[in-house]
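> Attaching a predicted model along with its sequence, questions to come.
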Amino acid sequence: MAEIKAAIFDFDGTLVDSEHYHYNSWVEVLKDYGAELDYDFYIKTYAGTPSPINAKAIIEQFDLPISREDLTYKRERMAEKLVKESEVEFMPYAIETLDLFKEKGIPIYLVTGSPRNNVEFLLEKTGIVKYFEFEITRTDVKNSKPDPESYLTAIEKIDLPKENMIVFEDTRTGVASAKAAGLECLAIQGNPNLIENVKAADQIFKDLQEATQYLEKEGRI
């Protein structure tokens with residue numbers, strides 16, 4: 001296997017434990033329509049998918065009298081409010097993993113399905129903006145995950161052979177996006193009930209530490 005010269009990370013659920021903000025923002029918005037969204041169903045079905053895609057599906061699921069654009073706007077404003085009011089926690093070994101790649105001189109990049117304003121706020125709030133060479137968000141592309149456009153854009157900007165890149169993702173849509181772009185993808189999924197969602201990944205690990213230990217053992221970093 002090729003040496004890793006570029007590490008590309010998803011954001012929500014891979015580096016930052018933010019899926020509960022996304023879920024709670026949907027819960028709050030849906031209260032106005034008397035609709036209740038089950039957490040386990042949300043995680044299995046909607047986690048990691050950009051808001052406009054989820055909004056369309058949720059409107060159909062609950063037969064809501066609102067446009068996709070308006071529901072997306074309400075959901076994202078609610079998510080911003082919840083994030084600003086709360087402490088943000090990292091996923092296990094996130095900082096240690098970023099430090100490891102930085103110490104080894106391997107550039108780090110961010111590819112996320114979240115909008116740029118939310119991502120920039122969280123990067124500054126958590127202090128991890130310093131790790132990334134650049135960030136590609138939903139705002140920067142026409143078609144976000146699971147479409148490969150985000151990762152294809154990253155490949156073009158990084159300007160290295162694909163075999164020298166590695167992607168870390170945690171959801172079905174993220175893995176699908178990376179694989180459709182022709183990239184090697186390691187899924188980070190510690191929930192046994194969600195392993196099936198990321199089975200298309202090249203390897204599946206319970207956390208980032210296990211993934212980096214694998215790469216070190218293989219002599220790739």
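Looks like it came in fine. Numbers count the residues shown, from 1 in each chain.
> Could you pull up the mean pLDDT of the helix or strand containing residue 69?
Using DSSP states H and E, residue 69 falls within helix 68-85. When pLDDT is averaged over helix 68-85, the result is 91.
> buried set for the helix or strand following it?
Sequence order places helix 94-103 as the next helix or strand after helix 68-85, per DSSP H and E. For helix 94-103, burial by neighbour count (16 or more other Cβ atoms under 10 Å) applies to 94-95, 97-98, 100-101. C-beta coordinates here come from the backbone N, C-alpha and C atoms, glycine included.
> before we move on, back to that, can you list the neighbours in contact with the helix holding residue 69?
With contacts defined as Cβ atoms under 8 Å, 6 or more residues apart in numbering, helix 68-85 is touched by 18, 21-22, 24-26, 28-29, 51-52, 54-56, 58-59, 64, 66, 115, 117-118, 121-122, 125.
> What is the lowest-mean-pLDDT helix or strand in the chain packed up against?
Taking mean pLDDT, DSSP states H and E as the measure, the chain has helix 39-45 as its least confident helix or strand, at a mean of 88. Here helix 39-45 touches helix 19-31, going by 3 or more Cβ pairs under 8 Å, 6 or more residues apart in numbering; DSSP states H and E.
> Please repeat the previous calculation with a cut-off of 10 Å.
helix 19-31, helix 51-62 (3 or more Cβ pairs under 10 Å, 6 or more residues apart in numbering; DSSP states H and E).
> These: which one's closest to residue 195?
helix 19-31 (16.2 Å; Cβ to Cβ).
> Quick check: buried residues in the closest one?
Neighbour-count burial for helix 19-31, counted by 16+ other Cβ under 10 Å, picks out 19, 21-27, 29-30.
> what does the least confident helix or strand of the chain rub up against?
Contacts to helix 39-45, defined as Cβ atoms under 10 Å, 6 or more residues apart in numbering, come from residues 13, 19-20, 22-24, 26-27, 37-38, 54, 57-58, 61, 171-172, 191, 193-194, 196-197.
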